[in-house]
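Visitor: Turn this into a model:
(chains A and B)
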Amino acid sequence: MKGIEVRREELMRMISSLEAVLRMKVEPFTVEVRPLLERLRRIVEENRDAETLVLDAEALYRVSVVLALQQKAIVQSASSLFVDAQIVASKVIGSPPVALAGVFLLAWRPLVRIEQVSNPLLLRGYEHFLSLPTRGVVQPEPTSGGAVGAEWAVHEQRFEEELKRLLEELRSRGDWVDYWSFLSEVGGSSRAKVAYLLSFLITRGDVEVRYNPLTEELRIRAAERREDSGDQRTSLVVTVR
Amino acid sequence: MDEGSAEQPEEVVSDRELTKLERKVAIAAALILTAGHRQPGVRGWELRRRLGKNYPKVLEALDSRLKRIGLRLKVVHEDDSQDPDRARYYVVVAEPLALSDLTTLGYSIDEVAVLAATLAYLYASNDRRPYKEVVELLETKYPKWRVESILERLIRRGYLVRTEDDQLVVGWRARVEVDKQELLRAIASLGKFPSGEQTPQPEADSAPSEDQT
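Guide: Predicted coordinates:
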């Protein structure tokens, strides 16, 4: 009985010393794994009670972590060609700066990077700038709220008409058409405007979009006419990948 | 006649494919070279999104074109996984530069010497070392104020990182630009050369220059 106690204490001592190695980040090779494993095997062979087995498993787990650290240390040393920090320090001290710069050039391949703005990028930026609302300027008081409202209504009506015209144009094509070709054919020089209008139609569900990731083809077509009755609206889940 | 008419569409398709590839190569070059982030380079998944799933082939084509003008594509895996989507892609110079090129690039020899010594020291110590210790090593060559100002500049350029616990760590730019093993090998071989040829000369591979005299 006393022997069992002694072995359990031995196991606990092993666990705490392994834990100290792991926690204090001591050099993992200070642990000699082979004799430790042999001792663990002997203890388990002599005592097969539950408590000893649990302690043994715990010690074994810590040994495996130490082994992993040893492996990591070997990989790191190998990647630095087993060149020690002391060797590097002595070489640095014993060499003139020009020699150090010379050896560095052998291993140095500078990065190539362009910092330049292109015309299309500038144009896109300018378009975005123009689309921003003006801020900080005091707007003159409208003479009457109704006049502004009427002006907006006219704008909105014109926009709706343009949407309707574009949708009719797409409907006249019948089946699926290539998105980019459609933009070029209908938009001409104002492709951005047509793309903008199309985005509204797509959001409303008046235009269907189909994207083929294999061919990277983007196709559109006018959706079938639907009766927009507010009380029959439903929601559905769309998976975006 | 039939053979000709049968071949023609095939030729047209391959031409189109070729043009498509050329266009994708141009896009890849633009993305990698002109990335506007603070850290240059583009991630694999960003290239996949723009160029499609066959982007590694496009990058291969880009690499072969870059090699013709003395550049090459560099892939840096930021973790243990070799997943190309998670890697970062850069364009780097393919061949070693000459000492005389340093001033043209805006580097001084002292700066490069400090960088060489610091990086070699860090590489031999698991990529990190206390800042104070590195300064002490470099003080054997330069006054402290000079060492600190050069280190500060190298930190700003991304070659080194100074952590909150005052450790000096290898920075992202050193990982991209410097071949760790090549540097350690060259540092370890310092002093092994016969007198008059103290360092391996990077100029040897390149075109003859004034420095070789």
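
Visitor: Pop the domain breakdown of chain B in here.
Guide: B:12-93, B:101-202 (automatic domain parsing).

Visitor: Quick one: closest of those domains to residue A:94.
Guide: Using C-beta to C-beta as the measure, domain B:101-202 is the one of these that comes nearest residue A:94, at 6.2 Å. For every residue, glycine as well, the C-beta is placed using N, CA and C.

Visitor: for the record, mean pLDDT for the closest one?
Guide: The average pLDDT for domain B:101-202 rounds to 87.

Visitor: One more: stretch A:103-111?
Guide: 92.

Visitor: For it, list every residue counted as buried.
Guide: A:103-109, A:111 (16 or more other C-beta atoms under 10 Å in any protein chain shown).

Visitor: Extract the C-alpha trace of that stretch and format it as PDB.
Guide: The C-alpha trace of stretch A:103-111 is given here as PDB (Å, rounded to 0.1, in the frame of the first residue of the first chain):
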ATOM      1  CA  VAL A 103      26.200  39.400 -47.900                       C
ATOM      2  CA  PHE A 104      22.800  40.900 -47.400                       C
ATOM      3  CA  LEU A 105      22.500  41.700 -51.100                       C
ATOM      4  CA  LEU A 106      22.900  37.900 -51.900                       C
ATOM      5  CA  ALA A 107      19.700  37.200 -50.000                       C
ATOM      6  CA  TRP A 108      17.700  40.400 -50.800                       C
ATOM      7  CA  ARG A 109      15.200  40.600 -53.500                       C
ATOM      8  CA  PRO A 110      13.400  44.000 -53.100                       C
ATOM      9  CA  LEU A 111       9.700  44.300 -53.600                       C
END
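
Visitor: Just give the closest residue to residue B:90, not the sequence neighbours.
Guide: Leaving aside its sequence neighbours, residue B:90 sits nearest to residue B:41 (C-beta to C-beta, 6 or more residues apart in numbering or on different chains; 4.3 Å).

Visitor: Quick one: residues contacting the one you found.
Guide: Counting by C-beta atoms under 8 Å, 6 or more residues apart in numbering or on different chains, residue B:41 touches B:32, B:35, B:76, B:88-90, B:176.

Visitor: And the helices in the chain?
Guide: With no chain named, the answer covers chain A. Assigned by DSSP state H, the helices in chain A fall at A:2-24, A:33-46, A:50-79, A:85-94, A:97-107, A:119-131, A:145-172, A:179-182, A:191-204.

Visitor: wait, chain B
Guide: B:2-33, B:44-51, B:55-68, B:101-105, B:109-123, B:131-138, B:144-156, B:172-177, B:180-188.

Visitor: So which of those is the most surrounded?
Guide: helix B:109-123 (a mean of 25; mean count of other C-beta atoms under 10 Å in any protein chain shown).

Visitor: How about that helix and chain A, any contact?
Guide: Yes - contact of helix B:109-123 with chain A (C-beta under 8 Å from any C-beta of the partner chain) involves B:109-110, B:112-117, B:119-121, B:123.

Visitor: Just checking the distance from that helix to the centre of its chain.
Guide: Distance of helix B:109-123 from the chain centroid (C-alpha atoms, centre = their mean, to the nearest Å) equals 16 Å.

Visitor: Output stretch B:15-28 as CSV - backbone C-alpha positions only.
Guide: Output of stretch B:15-28 as CSV, limited to C-alpha atoms (Å, rounded to 0.1, in the frame of the first residue of the first chain):
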residue,chain,number,x,y,z
ASP,B,15,-7.1,32.8,-80.2
ARG,B,16,-10.0,33.9,-78.1
GLU,B,17,-8.7,31.9,-75.2
LEU,B,18,-5.3,33.4,-75.7
THR,B,19,-6.6,36.9,-75.6
LYS,B,20,-8.6,36.1,-72.5
LEU,B,21,-5.5,34.8,-70.8
GLU,B,22,-3.5,37.8,-71.9
ARG,B,23,-6.2,40.1,-70.4
LYS,B,24,-6.2,38.1,-67.2
VAL,B,25,-2.4,38.3,-67.0
ALA,B,26,-2.6,42.1,-67.3
ILE,B,27,-5.3,42.2,-64.6
ALA,B,28,-3.2,40.1,-62.3
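
Visitor: Let me know the average pLDDT across it.
Guide: On average, stretch B:15-28 scores 85.
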